[in-house]
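*Asks:* Can you look at this prediction? I've put the sequence above it.
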Amino acid sequence: MTDQMTQVLKVRNLSKSFGALQASKNISLDLKTGEIHALIGPNGAGKSTLIKQISGELCPDSGEVEVLGQDVSALDRVARAQLGLGRTFQISALAMEFTVLQNTVLGALGARGGVFRFFGNVMRDKALLQQAEHALKRVGLIDDAMRRTADLSHGQRRQLEVAVALTMAPKLFLMDEPMAGLGASGSKALTTFLDELRTEAPILLVEHDMDAVFALADRISVLVYGEVIATGTTDEIRNDPEVRRAYLGEEEAV
Ligand SMILES: Nc1ncnc2c1ncn2[C@@H]1O[C@H](COP(=O)(O)OP(=O)(O)OP(=O)(O)O)[C@@H](O)[C@H]1O
């Protein structure tokens, strides 16, 4: 990393409670140009809750979120996405009866702010098709373009979510466990892809797969009980006694 790197995402003092449970405690972190910043922590630490507050799906009790220098705290999810905040879609966002290509074209249509009217016409739109095919090539799903989404493996659906998000040409990515359910070869392929993607769109990556995290991350933040207990390079995190005690040690991940 160099000093010239700019912050594309800044989270300041975010807090969120669900009743008596404080799921985010005064969280501050940032994401810089060209980097992958991994967010790790035990189950229930509050990783997804944090991602949802950044994407605009969940409203924090206090704190601010800045995207590309703009305070987006008052903006909804759609407005944040239009500013370039990409988010891997939940599997439920895919239309299971549609083909892989159709789902990706719908993503590309959404990226243009298009309205879904006559699907037949949409599927004849050369520019949309090219955009969708390009995204499918990048994630390694082009050979499956005509398959029904319902017939894909779990891992392939995760790849498709990334392809759909890519059609929106995001300037930064929030990814919540993209490796989940991928076999060894799937996660290796996705690791290679994310490694390349970071220069185009930096990534805040929530991931339990420690091999992927330590292979990819420029920096890691560790979240425990809603609190960031450490942020640092992979070596700093690996050797941090508090992190080892609170998280890594217990999982024997290093
Ligand atoms: N909508 C909600 N209502 C009440 N409690 C919630 C809600 N969403 C999350 N929680 C609680 O907040 C805490 C943080 O959950 P969260 O899903 O953010 O953790 P996580 O680190 O993403 O976990 P995992 O690694 O298992 O996905 C958990 O105790 C969870 O039960």
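*Replies:* Structure received.
*Asks:* Let me know the average pLDDT across stretch 168-184.
*Replies:* For stretch 168-184, the mean pLDDT works out to 86.
*Asks:* in that stretch, what counts as buried?
*Replies:* By neighbour count on 16 or more other Cβ atoms under 10 Å, the buried set for stretch 168-184 is Met168, Pro170, Lys171, Leu172, Phe173, Leu174, Met175, Asp176, Glu177, Pro178, Met179, Leu182. C-betas here are computed from N, CA, C, even on glycine.
*Asks:* do the same with stretch 95-113
*Replies:* For stretch 95-113, burial by neighbour count (16+ other Cβ under 10 Å) applies to 98-111.
*Asks:* wait, what's in contact with the closest residue to Pro42 other than its chain neighbours?
*Replies:* Nearest non-adjacent residue to Pro42, counting by Cβ to Cβ, 6 or more residues apart in numbering: Tyr247, 5.8 Å away. Remark: with contacts taken as Cβ atoms under 8 Å, 6 or more residues apart in numbering, Tyr247 is in contact with Ile40, Gly41, Pro42, Val222, Val224.
*Asks:* run the last query once more with 10 Å
*Replies:* Contacts for Tyr247 were tallied using Cβ atoms under 10 Å, 6 or more residues apart in numbering; they are Ile40, Gly41, Pro42, Ala45, Val222, Leu223, Val224, Ile229, Ala230, Ile237, Asp240, Ala253.
*Asks:* And for Thr167?
*Replies:* The contact partners of Thr167, by Cβ under 10 Å, 6+ apart, come to 86, 103-112, 128, 131-132, 134-136.
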